[in-house]
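Enquirer: Let's see this in three dimensions:
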Amino acid sequence: MPTAVQIRRTGGPEVLEVGDVEIGDPGPGELLVDVAAAGVNYIDTYQRSGIYKLDLPVTLGQEGAGTVTAVGEGVTGFAAGDRVAWQGHLGGYAQRARIPAQIAVKVPDGVSDETAAATMLQGVTAHYLVRSTYEVQEGDTILLHAAAGGVGLLLTQLAKARGARVIGTVSTAEKESLAREAGADEVIRYDQVDFAEEVRKLTDGEGVAAVYDGVGKSTFDGSLASLRPRGFLVLFGAASGPVPPVDPQRLNAAGSVYLTRPTSAHYVATREELDWRAGELFGAVTSGTLNIRIGGRYPLAEAARAHEDLQARRTTGKVLLIP
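Expert: Sure, this is the predicted structure:
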């Protein structure tokens, strides 16, 4: 039987259990995939800890890439031997996974399995943030937290390609260097200065068109204070914890600003939308205009360490599990 990482109870990284699981044959509309690489994302830690509720036991992992070994009844467009990648379905932390064919995309030649796995969830997230949630315009100045993280590095590159000025926040000199390499115009060390004050200085008091905030509780107030009138606060994660309830009047006081909490499923709601986003991302990878940085590779047996490192902000770029 294939090996997988499951949780039977919620809690810290110690609840991640490695063992054999029964996967079975693909059902109608499914693909059976030998997993070459699985992405590790913050949403996995929310599910593991119980912030996001799941029926237990469950195999974690919302993203991966590998080779199709069998197709279920009614599946068209895929065959055994195809290399595929996916995001948005549990079960990736395993040597083998059953996934809905409707969320799978073919991996083009020139893109490795590891790069494909590292592109999907965070790449789709970065794409919808700059193309759909707040569509970045040429000349916009935006603020991006955790600019050296997996989403941060991709979002920086995509925003720069659209002509934006990117201000990023980081916590170390190493992460500052990575953010600048990705194209960030200004980098703020939030561990040393008040980032909202620095943003006002860098924008001559105007504020930014949008803040992309995946940190949450510890940055929310400063993010709100960094916006220009009618700016967008895009809260797409909560690495520091969930944001407490917000009085809508604060949005008025901040300059009639907008607050949104997007999630990936609503931005790949159709096959056409998924193919568009994945196609643009893989196209940018193969053309060399989008660099996918893999910051850490861990065997399945070390999934707990991967979670510890991610939550302690010891990682940069994308974290992968390699079955």
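Enquirer: can I see the domain layout of the protein?
Expert: For the chain, automatic domain parsing gives the domain ranges 3-121+272-322, 138-261.
Enquirer: would you turn those domains into CSV with mean pLDDT and mean neighbour count?
Expert: For every residue, glycine as well, the C-beta is placed using N, CA and C. CSV is the format used below for the domains of the chain (pLDDT from 0 to 100; neighbours: other C-beta atoms under 10 Å):
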stretch, mean pLDDT, mean neighbour count
domain 3-121+272-322, 96, 19
domain 138-261, 96, 19
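Enquirer: Adding distance to Y128, write these out as TSV.
Expert: Below are the domains of the chain laid out as TSV (distance: least, C-beta to C-beta, whole Å):
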stretch	distance to Y128
domain 3-121+272-322	7
domain 138-261	9
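Enquirer: L129 is nearest to which of the ones you listed?
Expert: domain 138-261 (5.7 Å; C-beta to C-beta).
Enquirer: And that closest one, how far out from the chain middle?
Expert: 16 Å (C-alpha atoms, centre = their mean, to the nearest Å).
Enquirer: Check the separation of the first and last residues in it.
Expert: 24 Å (C-alpha to C-alpha, to the nearest Å).
Enquirer: Start and end of stretch 83-102, how far apart?
Expert: By C-alpha to C-alpha, one end of stretch 83-102 lies 15 Å from the other end.
Enquirer: So what would you say the end-to-end distance of stretch 166-185 is?
Expert: 5 Å.
Enquirer: Stretch 21-40 now?
Expert: End to end - C-alpha to C-alpha - stretch 21-40 spans 20 Å.
Enquirer: does D309 really touch A303, like I thought?
Expert: No. Between D309 and A303 there is no contact under C-beta atoms under 8 Å: 10.8 Å.
Enquirer: for the chain, what spans make up the helices?
Expert: 42-49, 113-128, 150-161, 173-182, 195-202, 220-225, 249-253, 271-287, 303-311 (DSSP state H).
Enquirer: Now tabulate those helices in CSV and tack on distance to G88.
Expert: Converted to CSV, the helices of the chain look like this (distance: least, C-beta to C-beta, whole Å):
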stretch, distance to G88
helix 42-49, 10
helix 113-128, 7
helix 150-161, 15
helix 173-182, 25
helix 195-202, 31
helix 220-225, 26
helix 249-253, 30
helix 271-287, 9
helix 303-311, 19
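Enquirer: closest to T141 out of those helices?
Expert: It's helix 195-202; of the helices of the chain, that one is closest to T141 (C-beta to C-beta) at 7.9 Å.
Enquirer: which other helices and strands contact that closest one?
Expert: Under the contact definition 3 or more C-beta pairs under 8 Å, 6 or more residues apart in numbering; DSSP states H and E, helix 195-202 sits against strand 141-144, strand 165-170, strand 186-189, helix 220-225.
Enquirer: State the distance from P229 to G205.
Expert: 12 Å (C-beta to C-beta, to the nearest Å).
Enquirer: that older thread, JSON lines please, covering the helices and strands packed on helix 195-202 and showing distance to A269.
Expert: Output for the helices and strands packed on helix 195-202, formatted as JSON lines (distance: least, C-beta to C-beta, whole Å):
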{"stretch": "strand 141-144", "distance to A269": "25"}
{"stretch": "strand 165-170", "distance to A269": "28"}
{"stretch": "strand 186-189", "distance to A269": "35"}
{"stretch": "helix 220-225", "distance to A269": "27"}
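Enquirer: List just the one of these that sits closest to I322.
Expert: Comparing the helices and strands packed on helix 195-202 under C-beta to C-beta, the one sitting nearest is strand 165-170, at 26.9 Å.
Enquirer: So the closest residue to D275 other than its chain neighbours versus R293, what's the distance?
Expert: Nearest non-adjacent residue to D275, counting by C-beta to C-beta, 6 or more residues apart in numbering: V105, 6.6 Å away. Separation of V105 from R293 (C-beta to C-beta) stands at 21 Å.
Enquirer: which strands and helices sit next to the top strand by length along the chain?
Expert: In the chain, with assignment by DSSP state E, the single longest strand is strand 30-40. For strand 30-40, the elements it packs on are strand 63-71, strand 83-87, strand 96-100, helix 113-128, helix 303-311, strand 318-322, judged by 3+ C-beta pairs under 8 Å, 6+ apart.
Enquirer: ok, back up a step: between the helices and strands packed on helix 195-202, which one is closest to A209.
Expert: It's strand 141-144; of these, that one is closest to A209 (C-beta to C-beta) at 5.9 Å.
Enquirer: what are the pairing partners of that closest one, and which direction each?
Expert: Taking DSSP bridges as the criterion, strand 141-144 sits next to strand 165-170 (parallel), strand 208-213 (parallel) in its sheet.
Enquirer: For the last one, give me every contacting residue.
Expert: Identification of contacts with strand 208-213 by C-beta atoms under 8 Å, 6 or more residues apart in numbering yields 129, 134, 136-137, 140-145, 155, 167, 199, 219-220, 223-224, 226-228, 231-237.
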